[in-house]
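[1] Model the following, please.
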Amino acid sequence: MIPQSFIQDLLARVDIVDVVERYLPLKKSGANYFACCPFHNEKSASFSVSPSKQFYHCFGCGAHGNAIGFLMEYNGISYPEAIEELARTVGVPVPDDGRRGAAHTDERQQLLDAMDKAAKFYRDALKASPAAINYLRQRGLSDEIAARFGIGHAPGEQQALRKAFPDYAAKHLATAGLVKDGDDGRRRDFFFHRIMFPIHDRQGRTIAFGGRVLDDGKPKYLNTPQTPLFEKGRELYGFLLAQKAIRSAGFAFVVEGYMDVVALAQFGLENAVAPLGTATTPHHIQTLLKQTDRVVFCFDGDEAGRRAAWRALENALAALRDGVTLAFLFLPPEHDPDTFVRENGADAMRTAAAHATPLADFLLDNLKQDCNLASAEGRARLVHEARPLITHIPEAAAILRLQLIKAIASASHLTQAEAEHAFGIAPPPYARAPSQFGNAARPGMQRPPARRSPPSAISTLLRLVLQYPALAARLPIGLVSGDTAEGRALIAIIDLASLGEPLGGLGALLERFRESPCGDTLARVATEFLDTEFDPAVIERQFEDTLLGLQIDANEQEQAMLQKHVAAISGDERLHLARRLAGLLQEKEELRRKRNTLAASTSPGNS
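    Numbering: from 1, shown residues only. Down below sits the predicted model:
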């Protein structure tokens, strides 16, 4: 485990503007810097980086965090990897407190080194194999595109990797998925007699391979098994090379195989990726939607292609959000993306993608195909089949979900309210509470908008402390109630300050609570004022006023509690309570006097 003190020192050494500017062109506007967001497709710059708060926030998609979080999101790397990368930029080694697992780090590097050596071996083997070179040329691949994707060849002999790894019996070769041990006790290469496609992580490191057989052998395609480096449900073939093209084109192609990705790239369609031996997962969709707001799934037009498209749709529902488009392109049955682009050209492929079927239309059309909507039973079946799909759509796509509900309600001869009840997302229409205007509100009559309640004293103090963390040391912890999420977050900061820990700025403070129960609350509140700069004098007066108000509230609550008890007791105890009440009244008057003096000093006439 990396010591928290080192992480805090590291964040104090780096400037988030410098970190982000290595990846994005930033333009200063006011106190902050802006760029087009790298995590979603946009034309206007809504990605804000605050040097004073050491925090970034996108006003378009909501992405936010500090320098560590930016590296994790942008490069798709783990928390420790982001810290190591940040430490390298300032030339400091990452310490270890004895629990981090240096052996684990060394093992991972050993696996990466082995994969890199194997990738070079396969590339060299391709140059020495006329049969493999001829196969690629028959498929129409140029030498340049093969080199760009690092394509190689696994020779036909079963222990070809002995030439690259003298210690062929080493355990880490099996852990990396390069070799396998048979039941006969003999070790063999995992891949042989295949065209090899290296699979990279977002730092360009080889973490796995995909192999396409050169003859009619089975399986036709083979991927590295799951390893400490490779989880097929998280990786997309070609993603590293496609990122820039996806942002430039404004959409991503998702195809079924490596050859499709490579063939499209050769024809200038470099924005294609492919899942690896699995249906597209919600994680794949989320990864792509950080680059663009439009994803086009491209499938063969046969029955198998449509089944694959339906599985992709089912997996995509959980990742939906309003404002993005997922669409499905079905090619003629005789084509896959490779053959289609070769026969018809890149422009025809782009035109087809522009007219792809939106997810909502594909979902509705597919459901209706198996339902006889002329019968009550068929319409009931439509609602029954739609329910698990509709309920899987998250709140982030509430508008799209509403439109689907309305379409299904119309097709099944139900009202919207009846359909929502059938889907289990609303009570029966007859059980709903009456309108505040009576049960029979007149058509066209609208409810007035709800008045937004002012922030509580706790909410105000939390916002002030996040802007100026040093204020936390001046807050008495007993004064803050933990009844709300914001109250608990404020107490956590006060606790930290009471230990004498340096709180740093906003970015460093949020880092301390990254994995804590109040981490989400603090991040949410922080994004509300990222683009606002405050006068320290204003902050100080507001802090003093809010603190005095909270102290007055606590005083009044104690008075009320004591007054309930004083009537029921007598003797010395009653006298003691009476004295305490008198003292509270005096304290309250003093607090009010201070608050009035503060208000008078900040009035326009005194400023």
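
[2] in the stretch 1-150 of the chain, which segments are predicted with low confidence?
    Scanning the stretch 1-150 of the chain for pLDDT under 70 picks out 41, 96-105.

[3] How about the chain?
    41, 96-105, 427-455, 477, 500-502, 529-537, 566-568, 570, 602-607.

[4] tell me the domain boundaries of it?
    4-90, 102-223, 239-362, 370-429, 458-601 (automatic domain parsing).

[5] how about TSV for these, with mean neighbour count and distance to residue 230 added?
    C-beta: built from backbone N, CA, C; applies to glycine. Shown next, in TSV, are the domains of the chain (neighbours: other C-beta atoms under 10 Å; distance: least, C-beta to C-beta, whole Å):
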stretch	mean neighbour count	distance to residue 230
domain 4-90	18	14
domain 102-223	17	4
domain 239-362	20	8
domain 370-429	16	28
domain 458-601	16	25
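
[6] For my notes, please list those in CSV and give distance to residue 231 for each entry.
    Conversion of the domains of the chain to CSV gives the following (distance: least, C-beta to C-beta, whole Å):
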stretch, distance to residue 231
domain 4-90, 12
domain 102-223, 9
domain 239-362, 9
domain 370-429, 23
domain 458-601, 21
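
[7] what comes into contact with the one helix or strand residue 351 maps to?
    Assigned by DSSP states H and E, residue 351 falls within helix 346-354. With C-beta atoms under 8 Å, 6 or more residues apart in numbering as the test, helix 346-354 has contacts from 251, 253, 264, 267-269, 296, 298, 327, 329, 331, 337, 340-341.

[8] still on that earlier bit, quick one: closest of the domains of the chain to residue 233.
    For residue 233, the closest of these is domain 239-362, at 4.6 Å, according to C-beta to C-beta.

[9] what's the straight distance from one end of the closest one to the other?
    26 Å (C-alpha to C-alpha, to the nearest Å).

[10] Report the secondary structure state of the residue nearest to residue 254 when sequence neighbours are not counted.
    The shortest distance from residue 254 to any non-neighbouring residue, by C-beta to C-beta, 6 or more residues apart in numbering, is to residue 297 (4.8 Å). The three-state assignment at residue 297 reads strand, by DSSP: H, G, I helix; E, B strand; the rest coil.

[11] Cross-check the contact I'm expecting between residue 297 and residue 280.
    Yes - taking contacts as C-beta atoms under 8 Å, residue 297 lies within contact range of residue 280: 7.1 Å.

[12] Touching both of these two, which residues are there?
    Common neighbours of residue 297 and residue 280 (C-beta under 8 Å, 6+ apart) are 254, 312.

[13] Please tell me how far the nearest residue in space to residue 272 that is not next to it in sequence sits from residue 31.
    Leaving aside its chain neighbours, residue 272 sits nearest to residue 253 (3.9 Å; criterion: C-beta to C-beta, 6+ apart). Remark: distance between residue 253 and residue 31 (C-beta to C-beta, to the nearest Å) = 40 Å.

[14] What of residue 484?
    Per C-beta to C-beta, residue 484 is found 30 Å from residue 31.

[15] can you pull up the bridge partners for residue 154?
    Counting by DSSP bridges, residue 154 forms beta bridges with residue 194.

[16] Spit out the contact partners of residue 94.
    Neighbouring residues of residue 94 by C-beta under 8 Å, 6+ apart: 2, 6, 83-84, 87.

[17] Residue 205 is in contact with residue 240, correct?
    No - taking contacts as C-beta under 8 Å, residue 240 lies outside contact range of residue 205: 9.6 Å.

[18] Name the helix or strand for residue 598, please.
    Per DSSP H and E: helix 571-601 holds residue 598.

[19] Give me the helices and strands touching that helix, please.
    Helix 571-601 is packed against helix 536-566, with contacts defined by 3 or more C-beta pairs under 8 Å, 6 or more residues apart in numbering; DSSP states H and E.

[20] Could you list every helix and strand that the helix it packs on packs against?
    helix 457-467, helix 571-601.

[21] Those helices into CSV, with extra columns for distance to residue 291?
    Listed next are the helices and strands packed on helix 536-566 as CSV, based on distance: least, C-beta to C-beta, whole Å:
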stretch, distance to residue 291
helix 457-467, 30
helix 571-601, 50
